[in-house]
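In: Okay, here's the prediction I keep looking at, along with the sequence it came from:
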Amino acid sequence: MQNFSRPSALTGTLVVPGDKSISHRALLLPALADGVTRVRGISDGHDVAATRKALQLLGISIEDRGGAVEIHGQPLQRWQAAQTGKDGLVQLDCGNSGTTMRLLLGVLAAAPLVRAELLGDPSLQRRPMLRVVEPLRRMGALIETSSTGSAPLQVRGRSLVGSDHVLQVASAQLKSALLLAGVHATGATHVTEPVLSRDHTERMLAAMGARMESRDLTVAVWPGPLHSLGDLQIPGDPSSAAFGAVAAALHPSAEIRLPGVCLNPTRVGWLRVLQRMGGDVQVLQEQQVGGELVGELLGRSSRLRATVVRAEEVPACIDELPILALAASAAEGTSRFDGIEELRVKESDRLAAIEKLMAALGIATRSGHDWLEIDGVGAPDHWRALAQAWQPGLDHRMAMSAAVTGLTGPHPVGVAGFATVASSWPGFVSQFKDLSQ
Ligand code: S3P
């Protein structure tokens, strides 16, 4: 249990961890290239550690050296587990991480020497995997799921045939799994999304020499060797930065600097929404780092007004909807979020979890399968005290959202099982302690 209460001021610099999405890819993609890649600023979260451990079990050497993570990649044809169980399968524990499980699945489906079982914690075991398993099967993949179509998954690598996929959901995990399979299949693979999701995989594959083409919402990839990236710097995680920027907006006396944050347009929908609500967040010192736009954010205390978040905007703020909902609860007027059904299949049913947190704060909400309305009360001072400790389950972002209610509102909050934040941000408590006066 971790307790949070509002300090008289929240000022200073918040250093967010390396971006989680890019960190997974910065391990997995260089592992596929013949040669050495040195990565700096990688996420210290448990999700990324799960990807690293899985790759090591698949025979990839990954070491900490001189402040960088050094990956000694090898072409997928040579990947082989050093040790397997009696059934000939190597067990890969993906923990709480959907990105680890879905991206690895796309790769391992095409790894001729690998037989693996992908396991997850109780949260990951409830998440849908057929959305990635079925299109991979159409490419020839041999994958078995549990009876509910989720983890544990068993995959037997074999040669795949490139194919065309039209996705029903804008999911970067799904798109990435298919592109990574496609780079190791025969012929071309096309992936069309309903709305552009984060594009880190495409950027990194292109930088590694993959033959690719993007037009509108379709990306195509052809098979071919990947070359190592040499040195790569990971920018700060905008999904973590959102907690700092919203905390600054909600606290009555705040000025928080967030240096080195990834500003890839597919990731900062939350920033556009927060600014539209009247959030005082400035973007300073933009520059290109490692193929991504990076900058410093400066967030200050703000008076927020309600907004409407349209379905097309959702993929670029999917992970930040819990903290944006909290911002909406303290805004003037009723906010509406449309096209948010994907929230139901995240680390928890986040739409239900958001409504539960809102109810505990005394905020009125209405919802349907894919939408949510929140009647803002104008300021955190009008939130009610939580009757009991918040139980986020195995959902790091719901744990951090509840923490922000304590850091910015008038009533202290206890969050049970707060250790779950280590999925993405082990340093959350110490970083916010440094800001508190
Ligand atoms: C991620 C994609 C998103 C996001 C997740 C990370 C990625 O998931 O919610 O936190 O790194 O590709 P979906 O692909 O399921 O939308």
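Out: Yep, that arrived.
In: Can you pull out the low-pLDDT segments for the stretch 301-437 of the chain?
Out: 437 (pLDDT under 70).
In: Those residues of it touching the ligand, which are they?
Out: Neighbours of the ligand within the stretch 301-437 of the chain, by Cβ under 6 Å from any ligand atom: Ile318, Asp319, Glu342. Heads up, the C-betas are built off the backbone N, CA and C, glycines and all.
In: and the first one, that's in a strand?
Out: No. Looking at Ile318 with DSSP: H, G, I helix; E, B strand; the rest coil, it is helix, so not inside a strand.
In: Just the buried ones from the residues of the stretch 301-437 of the chain next to the ligand?
Out: Applying 16 or more other Cβ atoms under 10 Å to these, the neighbour count classes Ile318, Asp319, Glu342 as buried.
In: Tell me which stretches of the chain form helices.
Out: In the chain, the segments counted as helices under DSSP state H are 20-28, 46-57, 98-108, 122-125, 130-138, 172-182, 200-207, 238-250, 269-276, 321-329, 350-360, 396-408, 428-435.
In: could the ones you listed be laid out in JSON lines, adding mean neighbour count?
Out: Shown next, in JSON lines, are the helices of the chain (neighbours: other Cβ atoms under 10 Å):
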{"stretch": "helix 20-28", "mean neighbour count": "27"}
{"stretch": "helix 46-57", "mean neighbour count": "22"}
{"stretch": "helix 98-108", "mean neighbour count": "27"}
{"stretch": "helix 122-125", "mean neighbour count": "17"}
{"stretch": "helix 130-138", "mean neighbour count": "19"}
{"stretch": "helix 172-182", "mean neighbour count": "27"}
{"stretch": "helix 200-207", "mean neighbour count": "22"}
{"stretch": "helix 238-250", "mean neighbour count": "29"}
{"stretch": "helix 269-276", "mean neighbour count": "22"}
{"stretch": "helix 321-329", "mean neighbour count": "28"}
{"stretch": "helix 350-360", "mean neighbour count": "20"}
{"stretch": "helix 396-408", "mean neighbour count": "26"}
{"stretch": "helix 428-435", "mean neighbour count": "17"}
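In: Show the pLDDT at Lys86.
Out: pLDDT, Lys86: 87.
In: neighbours around it, how many?
Out: By the criterion of other Cβ atoms under 10 Å, Lys86 has 5 neighbours.
In: do the same with the one 5 residues further on
Out: Residues within reach of Gln91, counting by other Cβ under 10 Å, total 16.
In: for Val36, same thing?
Out: For Val36, the neighbour count with other Cβ under 10 Å is 16.
In: show me what contacts it?
Out: For Val36, the contact set (Cβ atoms under 8 Å, 6 or more residues apart in numbering) comprises Glu70, Ile71, His72, Gly73, Ser228.
In: what about 7 Å?
Out: Glu70, Ile71, His72, Ser228 (Cβ atoms under 7 Å, 6 or more residues apart in numbering).
In: Would you mind measuring from the second one to the ligand?
Out: When you say that, I think you mean Ile71. Using Cβ to the nearest ligand atom, to the nearest Å, we find Ile71 at a distance of 18 Å from the ligand.
In: Tell me what that residue is bridged to.
Out: Thr37, Ile62 (DSSP bridges).
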